[in-house]
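Asks: predicted model and sequence follow; I will ask about them next.
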Number of protein chains: 4
Amino acid sequence: MREFMIRTDLAVEAKEQYEGETGQLQGVLVETSHLEGTNGNLTKVTILNKEGAQALQKPIGTYLTIEAEDLPKPDTDYHSQISKELSKQLLALLPENDRTSILVVGLGNRDVTPDALGPKVVEHLCITRHIRLSNLPSPLKKKYDISGIIPGVMAQTGMETYEIIKGIVEETHPSAVLVIDALAARNTKRLNTTIQLSDTGIHPGSGVGNHRKALTQETLGVPTISIGVPMVIDAATIAADTMEHFITALEEVHIVEGLSQTIENFNEEEKHQLILELMDERLRKMYVTPKDVDASVDQISFTISEAINLAFAI
Amino acid sequence: MREFMIRTDLAVEAKEQYEGETGQLQGVLVETSHLEGTNGNLTKVTILNKEGAQALQKPIGTYLTIEAEDLPKPDTDYHSQISKELSKQLLALLPENDRTSILVVGLGNRDVTPDALGPKVVEHLCITRHIRLSNLPSPLKKKYDISGIIPGVMAQTGMETYEIIKGIVEETHPSAVLVIDALAARNTKRLNTTIQLSDTGIHPGSGVGNHRKALTQETLGVPTISIGVPMVIDAATIAADTMEHFITALEEVHIVEGLSQTIENFNEEEKHQLILELMDERLRKMYVTPKDVDASVDQISFTISEAINLAFAI
Amino acid sequence: MREFMIRTDLAVEAKEQYEGETGQLQGVLVETSHLEGTNGNLTKVTILNKEGAQALQKPIGTYLTIEAEDLPKPDTDYHSQISKELSKQLLALLPENDRTSILVVGLGNRDVTPDALGPKVVEHLCITRHIRLSNLPSPLKKKYDISGIIPGVMAQTGMETYEIIKGIVEETHPSAVLVIDALAARNTKRLNTTIQLSDTGIHPGSGVGNHRKALTQETLGVPTISIGVPMVIDAATIAADTMEHFITALEEVHIVEGLSQTIENFNEEEKHQLILELMDERLRKMYVTPKDVDASVDQISFTISEAINLAFAI
Amino acid sequence: MREFMIRTDLAVEAKEQYEGETGQLQGVLVETSHLEGTNGNLTKVTILNKEGAQALQKPIGTYLTIEAEDLPKPDTDYHSQISKELSKQLLALLPENDRTSILVVGLGNRDVTPDALGPKVVEHLCITRHIRLSNLPSPLKKKYDISGIIPGVMAQTGMETYEIIKGIVEETHPSAVLVIDALAARNTKRLNTTIQLSDTGIHPGSGVGNHRKALTQETLGVPTISIGVPMVIDAATIAADTMEHFITALEEVHIVEGLSQTIENFNEEEKHQLILELMDERLRKMYVTPKDVDASVDQISFTISEAINLAFAI
């Protein structure tokens, strides 16, 4: 039972929510495989058409989700395996002729721990574009040009992220853009254990911050891949989860009857309205994050940087 | 109605919870006054004896709470007023002959945004002890010796905060210790709007992190004042709040009857157990914080530093 | 005597060097006035034509230099006075109709202490452009739109600063650009005591880092004001200074005779060559900075942010 | 020729200076060996008695110097080799029964780029002491207890580093202390290429900052190993070097004769006085550092952390 359908940045969660409600999905292909050398899985969700896009509330495109439950553990070999796999999937999403020069964009606010994921990925990158630009001699055996930018968030810049990135793309002509962002998950078990790649870019209202105008192939004019990691949960999610558990508990002990049925009969809009009413207004501007989020951000940002370096730089 | 009594770091919240339940408090004095020149209030809760301590689940001592709802706004004059008031209260808690040399301890993890409050306060302090130590000529017209330390958290140091501070106190013999920490509140309206001073020090399990052994006059051997600001809410609090609102809503529309009565009959232990069962286990290791917590931490830490500088340094 | 003419970012130093050599300056106007309420001076160097530009090795334009020897001291009132003066001069350089929307660019590497001046100025700014963009209600009584960007340095981004800023200007259409940068001075007495404003933008090879392509009205298409503060000295400067002092000392005690005469007869190229030969090759990639540079950067960046806020935001 | 003997933190440089002057060393043993798998060398300087200590101006004890000229290059395998070697030498300096619990002290100011080496080493460490303390289950296969502290510098704390560390040692009873610090070198070629280990601890006036009271086995009561890396050069060094080169150059072209002879006849005190007179007074409070010092600090601090982790934690 899932009474309250909450927005999620993850296609794999949208699929689960949808299946929980209806059990079938038109216009969506799902393939799952085991990640070699680890206990992780790779799920490929392909949204083929408008029906699929409507059902999952996500744009048409490919969504690759790496789920690796040991990602929070400080195991160097395990992380190295995940970097290799991520690197492989990145190359699979980006055809050879789009790899000449990659602009990596680290979205998020470096001053807010879980939102610093994108900036930290860019900080660890092996930047190479200026070497060709400057004709510098270099010990790096670089493959492609890598450039990187940490644009900051709207409250810091006064500009939409889109404006900054569009401007830089127009001026530096990368062959592709790679956008890194911290996401909001629906379920606590996703935090620190899931990495989503997509060729659909980043869409408004996603993630921890609020990057309003989409960064996509349509808006930027070049292939735009996103890498997202769930680092927070919206406070609304917790309220919804608690209520579901509460209703189940009440019915199990027969304190109330038929309550879940009543609520299931609510439409989406009514359910959403109920949640908002039950939540303190201030809570809607809050997020939930694990107490050890600083260590997770450091670790996962390093794993993603390594994947990008492996794929494009070294 | 307050079905679920949740631990709070704030005496003023403990008092509200208790009053909500029973309406009377033995062994506790409460005085409230208006803060001149602002729209804020000062509440002084004095726990006089064991009965009071038992009722509020806090040690015997004085708890001063400044509540200033405009604290989150970037109004320099308002913050300056609050600094002056805080400075006055600090001096009131610390008699003249205990002010010779103050060791200020900035508790918390500087890498986790809301927990960086303590470290940031120490960073902005006007440190003066070394000037006397070095016989340096100085432009500072200092009153007392101020020293400061940012000990880090247990996962960073491998040591209890108590061990570090006790060692430094034994070696440097301050006349008093001032401990700054980010607290967990019970209610979202407290975030960024409340500052609590107390002469009872800091106690185990408080705040964002986990500083296990108490820092108090008993353990450190010198007067130990704490300054705490609620920066986060435990995820459990949100679950509890949502349920209360939900029950009220259900009863208002007569979907269920007598539910709140049933739950009120639960004892404390049963209520706490219910909450924990309803919450996802992972949630218990999480905290909730506003999305703009970075700006709040900067602002409030500066206001507290200024108060300490006013009281003891300049 | 000034045997070795070293490149300087400061027009006021270029003027001093030139005067030291020839005593007269064609095509350059110099006015000096006292800064009210402080012990500081304001020098306005106007380079009127090609002759002046050739003589001072700087582009035609206006260079305002605030010299305030107490700037390194932590005196809030003094800094507040300097902020007001700087604010006044900024408005004087930027006519009313160019103030609609200002893009502030914080040049430099935030990971290198003296080079973090630009980034820190932008961090403290009162950013307002997004408020109009979002139609947000706001407590800020803003005058003009302020946006800000911290582009990073080439080794971090792989891009020329020019490429990033040009792109953003093309996309967001500010009415003027304000560029903040840490400069290299010729003389240690300039460090932390001097602020230079200019309507000629920032030119290649300036400052601590290396921002190759100019940011000027010509290249960006809108008025481009620079604010620069000397934070470092090139190691070559120290070598040159030491030699001069050495020669003087040798001649005073009559160990050698006529040496300064010999060296004065060298042309510019020969002198520069001598310095480079005397310096260890590795030294040329080094800079000299005061041991307390962290405190200076914090203080002066705050003073500049306040000036910009006063002029355009509040 | 080395006219001006400048203080150095490196025993290997003190030896070179001394040999340059007299060619022989009483009470000092020197052994040099090749570092396997790299192009580096290991030099072991043992100061056996008072004569040796007097000659090198260093305390009696063992000084191991790893010289690896490719350390500045971002070559992971090379750094991994150096970590292994450093780990081996650390274990050689610390007998088995002193390894039970190691307190690692990261000296220096984290806000000044080259001085952040010590703090960054502690940040990357695998801290384990609290696991035993808390009886936590842990995935770490730890060998010994590791704790860590970043005390800050005197201007930040108002306390001598000695006071802080002595207090913590008295309270937590480590079996040994490991102190990490950024050093001042005599020669630019040492920057980023040299790591010195010593069983003599850290002595007054060393390094970038000023940690006045010694941290040694005598003062702390337990074996105290230091790891130091030259990150800066004193500005005085550059002045001295330039003068030497200048004198040599003048004599080669027969502009002056007998000057170096004259200066060699000066005693130590007279030479030192000459340097100070020739230098701008402000220069004495300055340091010289490479422009890419941020990348070096990151890289070398990581290499040292790995060495400590290898030796004691994993």
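Replies: Structure's in. What do you need?

Asks: quick one, what contacts the closest residue to A:Ser296 other than its chain neighbours?
Replies: Counting by CB to CB, 6 or more residues apart in numbering or on different chains, A:Asn192 is the residue found nearest to A:Ser296 once chain neighbours are left out, at 4.5 Å. Glycine gets a C-beta too; all of them are placed from N, C-alpha and C. Residues near A:Asn192 by CB atoms under 8 Å, 6 or more residues apart in numbering or on different chains: A:71-72, A:229-231, A:290, A:296, A:300.

Asks: same thing with A:Ser301?
Replies: A:116-117, A:120-121, A:123-124.

Asks: so which of those residues are in helices?
Replies: Among these, the members found in helices (DSSP state H) are A:117, A:120-121, A:123-124.

Asks: can you redo these as TSV with neighbour count, distance to C:Thr43 and pLDDT?
Replies: What follows is the ones in helices among the contacts of A:Ser301, written out as TSV (neighbours: other CB atoms under 10 Å in any protein chain shown; distance: CB to CB, whole Å; pLDDT from 0 to 100):
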residue	neighbour count	distance to C:Thr43	pLDDT
A:Leu117	30	47	96
A:Lys120	22	44	97
A:Val121	31	46	98
A:Glu123	20	40	96
A:His124	18	45	94
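
Asks: could I get these as JSON lines with distance to chain D?
Replies: Formatted as JSON lines, the ones in helices among the contacts of A:Ser301 follow (distance: CB to the nearest CB, whole Å):
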{"residue": "A:Leu117", "distance to chain D": "18"}
{"residue": "A:Lys120", "distance to chain D": "13"}
{"residue": "A:Val121", "distance to chain D": "15"}
{"residue": "A:Glu123", "distance to chain D": "10"}
{"residue": "A:His124", "distance to chain D": "10"}
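
Asks: out of the contacts of A:Asn192, which one has the weakest pLDDT?
Replies: Per-residue confidence across the contacts of A:Asn192 is lowest for A:Pro72, with 75 (pLDDT).

Asks: that residue contacts A:Thr193, correct?
Replies: Yes: with contact taken as CB atoms under 8 Å, A:Pro72 and A:Thr193 are classed as touching, separated by 6.7 Å.

Asks: the two: who's more crowded?
Replies: Neighbours of A:Pro72 and A:Thr193, each counted by other CB atoms under 10 Å in any protein chain shown, are more numerous for A:Thr193; the result is 20 against 16.

Asks: do you know how far that one is from A:Val12?
Replies: When distances are taken as CB to CB, to the nearest Å, A:Thr193 and A:Val12 turn out to be 12 Å apart.

Asks: who touches both of these two?
Replies: Each of A:Glu67 lies in contact with both A:Thr193 and A:Val12 under the rule CB under 8 Å, 6+ apart.

Asks: give me every residue in the stretch 101-250 of chain A lying close to chain C.
Replies: Proximity of the stretch 101-250 of chain A to chain C is assessed by CB under 8 Å from any CB of the partner chain, with A:122-123, A:127-130, A:133-134, A:145-152, A:154-160, A:163-164, A:166-172 identified as the residues in range.

Asks: buried subset of the residues you listed, written for ChimeraX?
Replies: Isolation of the buried members of those (16 or more other CB atoms under 10 Å in any protein chain shown) is achieved in ChimeraX through the command below:
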select /A:122,123,127,128,129,130,133,145,146,147,148,149,150,151,152,154,155,156,157,158,159,160,163,164,166,167,168,169,170,171,172
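
Asks: residues from the stretch 51-200 of chain A in reach of chain B?
Replies: Of all the residues in the stretch 51-200 of chain A, those in contact range of chain B (CB under 8 Å from any CB) are A:109, A:111-113, A:155, A:188-189, A:191.

Asks: turn these into TSV, columns for pLDDT and distance to B:Thr262.
Replies: Written out in TSV, the entries for these read as follows (pLDDT from 0 to 100; distance: CB to CB, whole Å):
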residue	pLDDT	distance to B:Thr262
A:Asn109	94	45
A:Asp111	94	46
A:Val112	94	41
A:Thr113	94	41
A:Ala155	91	46
A:Thr188	81	29
A:Lys189	84	32
A:Leu191	87	34
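
Asks: B:Gly221: which of these is nearest?
Replies: For those, the minimum distance to B:Gly221 (CB to CB) is 35.3 Å, reached by A:Thr113.

Asks: report the contact partners of the closest one.
Replies: Contacts of A:Thr113 were listed using CB under 8 Å, 6+ apart, and they are A:289, A:293-294, A:297, B:111-113.

Asks: in helices only, show me the residues you listed.
Replies: The helices in this structure, assigned by DSSP H, contain A:293-294, A:297 from the contacts of A:Thr113.

Asks: need the residues you listed in TSV (columns: pLDDT, neighbour count and distance to chain D).
Replies: Below are the ones in helices among the contacts of A:Thr113 laid out as TSV (pLDDT from 0 to 100; neighbours: other CB atoms under 10 Å in any protein chain shown; distance: CB to the nearest CB, whole Å):
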residue	pLDDT	neighbour count	distance to chain D
A:Val293	90	26	16
A:Asp294	92	22	11
A:Val297	93	26	14
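
Asks: quick one: the strands in the stretch 201-314 of chain A, in order.
Replies: Applying DSSP state E, counting those that start in this stretch to the stretch 201-314 of chain A gives strands spanning A:224-234, A:286-290.

Asks: CSV please, covering those strands and showing mean neighbour count.
Replies: Formatted as CSV, the entries for the strands of the stretch 201-314 of chain A read as follows, by neighbours: other CB atoms under 10 Å in any protein chain shown:
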stretch, mean neighbour count
strand A:224-234, 27
strand A:286-290, 25
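
Asks: quick check, A:Ala184 in a helix?
Replies: No: going by DSSP: H, G, I helix; E, B strand; the rest coil, the assignment for A:Ala184 is strand, not a helix.

Asks: shouldn't it be in contact with A:Asp115?
Replies: No: A:Ala184 lies out of contact with A:Asp115 (CB under 8 Å); the separation is 10.6 Å.

Asks: quickly, which of the strands of the stretch 201-314 of chain A bottoms out on average pLDDT?
Replies: Among the strands of the stretch 201-314 of chain A, strand A:286-290 carries the lowest mean pLDDT, a mean of 87.

Asks: what's the closest of the ones in helices among the contacts of A:Thr113 to chain B?
Replies: For chain B, the closest of the ones in helices among the contacts of A:Thr113 turns out to be A:Asp294, at 3.9 Å, with distances computed as CB to the nearest CB.

Asks: find the nearest non-adjacent residue to that closest one, please.
Replies: Nearest non-adjacent residue to A:Asp294 (CB to CB, 6+ apart): B:Asp111, at 3.9 Å.

Asks: and that neighbour, what are its phi and psi?
Replies: Backbone torsions for B:Asp111, taken as degrees, to the nearest 10, come to phi -90, psi 0.

Asks: report pLDDT for A:Leu140.
Replies: Per-residue confidence (pLDDT) for A:Leu140: 53.

Asks: where in chain A is pLDDT low?
Replies: A:1-7, A:20-24, A:134-142, A:204-211, A:253-257, A:267-269, A:271-272, A:275-276, A:278-280 (pLDDT under 70).

Asks: point to the residue nearest the middle of it.
Replies: Centroid check for chain A by CA atoms, centre = their mean gives A:Gly228 as the closest residue, at 2.5 Å.

Asks: measure the nearest residue to it once chain neighbours are set aside to A:Pro230 for me?
Replies: In this structure, A:Gly228 finds its nearest non-sequential neighbour in A:Leu183, 4.2 Å apart by CB to CB, 6+ apart. Distance, A:Leu183 to A:Pro230, using CB to CB: 5 Å.

Asks: now do the shared contacts for those two.
Replies: Among the neighbours of A:Leu183, those also in contact with A:Pro230 (CB under 8 Å, 6+ apart) are A:9-10.

Asks: report the buried residues of stretch A:72-86.
Replies: Within stretch A:72-86, the residues that qualify as buried by neighbour count (16+ other CB under 10 Å) are A:72, A:78-79, A:81-86.

Asks: need those in JSON lines (columns: secondary structure).
Replies: Conversion of the buried residues of stretch A:72-86 to JSON lines gives the following (three-state DSSP):
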{"residue": "A:Pro72", "secondary structure": "coil"}
{"residue": "A:Tyr78", "secondary structure": "helix"}
{"residue": "A:His79", "secondary structure": "helix"}
{"residue": "A:Gln81", "secondary structure": "helix"}
{"residue": "A:Ile82", "secondary structure": "helix"}
{"residue": "A:Ser83", "secondary structure": "helix"}
{"residue": "A:Lys84", "secondary structure": "helix"}
{"residue": "A:Glu85", "secondary structure": "helix"}
{"residue": "A:Leu86", "secondary structure": "helix"}
